[in-house]
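K.L.:
from the sequence below, what's the structure:
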Amino acid sequence: MIIGNASLLGITFLIYRLLQRIGLSISYLLPVVLTLFSPVMYEGNLWAGAATVYMPVCFTGMLSIYLLTVPSRIAFVSAVFAAILATYSFGNGMFTFLAGCAVLLYLKKTLTACLWMLVGLAAALIYFGGFKTHSATSAFDWAVHFRYPAYIFYNFSAFVGGIFNYYENVNGPVALQNTPAILCGVAISVFIAWSLFKIATTRSHDERGMFAVKATWIGFVIFIGITSVVIAYSRTSAPQMTVVSSRYKIYSMTAFLLVYLWCLISFKKQRTIGIIFATTSAILLVFNYFVYYEKFVNYKSHSLAGLFNYTNRGQWIIYNGSYFEGASKLICDSIRNNPKPVFHFQPVFHELSREALSKAPALLDVRVIENKHSSNRFISSISVGTNAFPTTPNMSQGVYLVMYNEEDIVLFAANPLKNGRFNMLRQRNYFKPGFYLEEDIHRAMRKGKVYKLAVFCPTEKEKLRLINHQITGI
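P.N.:
Alright, predicted model coming up:
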């Protein structure tokens, strides 16, 4: 998370420096802050791939391009190192060299551009040295990516316009809910293409500072553009929307901000432009909270459930994959067994005990379905849901399914029910009464043992309710 957040701060600083060159005040940074520091980027920072790859590569690539417009040898050397860092952080970072070459040619630094490309060629050759393609699929086949040209278009447009996508049908077919992102991606692409055409066909009479700003903007656009095309192509091998995840949205946000920058560069009514983009960014921020706040609550409750299970049972029962569960336990055991551990695992939910379970009232209106042959990702799962309990506050500590017997108490994080948009505004509550859960709880059960079920909500006055259902471990 530190690397990802530092990258967001870095991108913000680069845009601030461009605003300074244009001669604008810091108030014009508001749309940038509202766009980048949003719930979707918080979630993106929880993705290791986003926080350590996509975000820093985007930042280091932009940093390198910005430094090329600074008339200094130290800046040029720093730009080289930043471009190499982007390349070796992720292969797409090598597109920094192509974008940087365009910037240097625009600045009429032909010899420097040749030197720049030689360094880039050497970096790429070393990067791909010994590269071999081993895959059980046809992912490395060039032709497979062109079998669904419509989805290359959908994925490219949704990648560029992803800031307007609030429907995560990852690896699913294109849906009507993807339309805003696709249309936005088309609009941004057309606007940027038109802007580049104007630059190419209009004789420049800009002052030196504005000339450097335009050169930087051109470099940013080429870098983001090539990255968008390549990712859309490489991720399309089936009729699936593969780029609508939050981990990719840093590029869409940057594309949106590049449109904002060009409007400030080209049009005279800069104050009006600032107000329009700040308002749009604020509205998008509200939509972000509507979509992603639910996930933040679930992330927290999964962590608390995992901590409860680890401190009481010695297992992190929060993942569906045995690899991650085992890896989590291995790391936590090494921390716990260290004579001087970096932190201690504090017990949570002291109020959840067998005595409390024995005194808890029953929850009557609840649906329990055992799915022996579930079509979901769980082979043998249980579905539990109700609209009667609990009433989840905005500052939630989670809702949990309790599975217990005389030997065990195990928690599974459930999903509180989300309110509708209108009711959120009218009632000022993000959640409505009730919860749902579909989980493969058999993996946490001891074979042949009978378990009872209950619901636990730490924020309710009556924290526990019993479910009249028993399940046997298989």
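K.L.:
mind pulling up the phi and psi values for the residue nearest to Gln397 when sequence neighbours are not counted?
P.N.:
Nearest residue to Gln397, sequence neighbours excluded (C-beta to C-beta, 6 or more residues apart in numbering): Pro458, at 4.4 Å. Where C-beta positions appear, they are placed from N, C-alpha and C, glycine not excepted. Dihedral angles of Pro458 (phi, psi; degrees, to the nearest 10) stand at phi -60, psi -20.
K.L.:
got the contact list for Pro458?
P.N.:
Shown in contact with Pro458 (C-beta atoms under 8 Å, 6 or more residues apart in numbering): Phe349, Glu351, Gln397, Gly398.
K.L.:
repeat the analysis, applying 10 Å as the threshold.
P.N.:
Ser301, Leu304, Val348, Phe349, Glu351, Leu352, Pro390, Ser396, Gln397, Gly398, Val399, Tyr400 (C-beta atoms under 10 Å, 6 or more residues apart in numbering).
K.L.:
repeat for Leu85
P.N.:
Leu85 makes contacts with Pro56, Val57, Phe59, Thr60, Gly61, Leu63, Ser64, Gly93, Thr96, as judged by C-beta under 10 Å, 6+ apart.
K.L.:
what's around the nearest residue to Val170 once chain neighbours are set aside, how many residues?
P.N.:
Distances taken as C-beta to C-beta, 6+ apart place Ser245 nearest to Val170, at 5.3 Å, with adjacent residues excluded. Ser245: 18 surrounding residues under other C-beta atoms under 10 Å.
K.L.:
what segments of the stretch 1-150 of the chain are helices?
P.N.:
Using DSSP state H, counting those that start in this stretch, the helices of the stretch 1-150 of the chain run over 2-22, 30-36, 39-46, 48-49, 55-68, 73-89, 95-106, 110-127, 149-160.
K.L.:
could you tell me the least trusted of those helices?
P.N.:
In terms of average pLDDT, helix 48-49 trails the rest of those, at a mean of 70.
K.L.:
what's that helix in contact with?
P.N.:
Contacts for helix 48-49 (C-beta under 10 Å, 6+ apart): Met1, Ile3, Gly4, Met55, Phe90, Ser245, Arg247, Tyr248.
K.L.:
now do 7 Å
P.N.:
Here helix 48-49 makes contact (C-beta atoms under 7 Å, 6 or more residues apart in numbering) with Arg247.
K.L.:
swap in stretch 233-243?
P.N.:
Stretch 233-243 has contacts (C-beta under 7 Å, 6+ apart) with 139, 144-145, 148, 151-152, 154-155, 158-159, 169-174, 178, 231-232.
K.L.:
go with 8 Å
P.N.:
Residues outside stretch 233-243 that contact it (C-beta under 8 Å, 6+ apart): 137-139, 144-145, 147-148, 151-152, 154-155, 158-159, 162, 169-175, 178, 231-232.
K.L.:
ok, of those residues, which come out buried?
P.N.:
The neighbour count (16 or more other C-beta atoms under 10 Å) marks 145, 148, 151-152, 154-155, 158-159, 162, 174, 178, 231-232 as buried among the contacts of stretch 233-243.
K.L.:
can you report how many residues lie near Gly306?
P.N.:
By other C-beta under 10 Å, 22 other residues sit near Gly306.
K.L.:
likewise for the one 4 residues further on?
P.N.:
For Tyr310, the neighbour count with other C-beta under 10 Å is 20.
K.L.:
and the one 4 residues further on, by the same measure?
P.N.:
Other residues near Gly314 number 11, with proximity taken as other C-beta under 10 Å.
K.L.:
again with Ile409
P.N.:
By the measure other C-beta under 10 Å, the count of residues near Ile409 is 21.
K.L.:
beta partners of it?
P.N.:
In this entry, Ile409 is beta-bridged to Tyr404, by DSSP bridges.
K.L.:
repeat for the one 5 residues further on
P.N.:
The residues paired with Ala414 through beta bridges, assigned by DSSP bridges, are Val399.
K.L.:
residues touching Gln397, list them.
P.N.:
Lys300, Ser301, Leu304, Cys457, Pro458, Thr459.
K.L.:
and the buried ones among these, selectable in ChimeraX?
P.N.:
Here is the ChimeraX command that selects the buried residues among the contacts of Gln397 (16+ other C-beta under 10 Å):
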select :301,304,457,458
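K.L.:
can you pull out the low-pLDDT segments for the stretch 301-450 of the chain?
P.N.:
Scanning the stretch 301-450 of the chain for pLDDT under 70 picks out 316-329, 372-380.
K.L.:
ranges for the strands of it?
P.N.:
Counting by DSSP state E, counting those that start in this stretch, residue ranges of the strands within the stretch 301-450 of the chain are 367-371, 381-386, 399-404, 409-418, 431-439, 450-456.
K.L.:
again with the stretch 101-250 of the chain
P.N.:
Ranges of strands within the stretch 101-250 of the chain: none, based on DSSP E, counting those that start in this stretch.
K.L.:
for the residue nearest to Asn429 when sequence neighbours are not counted, what are phi and psi?
P.N.:
Spatial nearest neighbour of Asn429, chain neighbours left out: Asn419 (5.7 Å); criterion: C-beta to C-beta, 6+ apart. Asn419 adopts backbone torsions of phi -70, psi 160, taken as degrees, to the nearest 10.
K.L.:
domain-wise, how is the chain divided?
P.N.:
Domain assignment of the chain by automatic domain parsing yields the ranges 2-127+139-266, 296-472.
K.L.:
tabulate those domains (TSV), appending distance to Phe287.
P.N.:
As requested, those are arranged in TSV below (distance: least, C-beta to C-beta, whole Å):
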stretch	distance to Phe287
domain 2-127+139-266	6
domain 296-472	9
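K.L.:
which of those sits most buried?
P.N.:
domain 2-127+139-266 (a mean of 19; mean count of other C-beta atoms under 10 Å).
K.L.:
got the end-to-end distance for that domain?
P.N.:
35 Å (C-alpha to C-alpha, to the nearest Å).
K.L.:
likewise for stretch 435-454?
P.N.:
Terminal residues of stretch 435-454 are spaced 13 Å apart (C-alpha to C-alpha).
K.L.:
ok now that stretch, how far from the chain's centre?
P.N.:
What separates the centre of stretch 435-454 from the centre of its chain is 31 Å, taken as C-alpha atoms, centre = their mean, to the nearest Å.
K.L.:
one more: stretch 28-38?
P.N.:
How far stretch 28-38 lies from its chain's middle: 17 Å, per C-alpha atoms, centre = their mean.
K.L.:
contacting residues around it?
P.N.:
8, 11-12, 15-16, 19, 163, 253, 256-257, 260, 264, 270, 274, 277-278, 280-282, 284-285, 288.
K.L.:
among these, which are located in helices?
P.N.:
8, 11-12, 15-16, 19, 253, 256-257, 260, 264, 270, 274, 277-278, 280-282, 284-285, 288 (DSSP state H).
K.L.:
about what we covered before: and the residue nearest to Asn429, what does it touch?
P.N.:
Gln427, Asn429, Tyr430, Phe431, Lys432.
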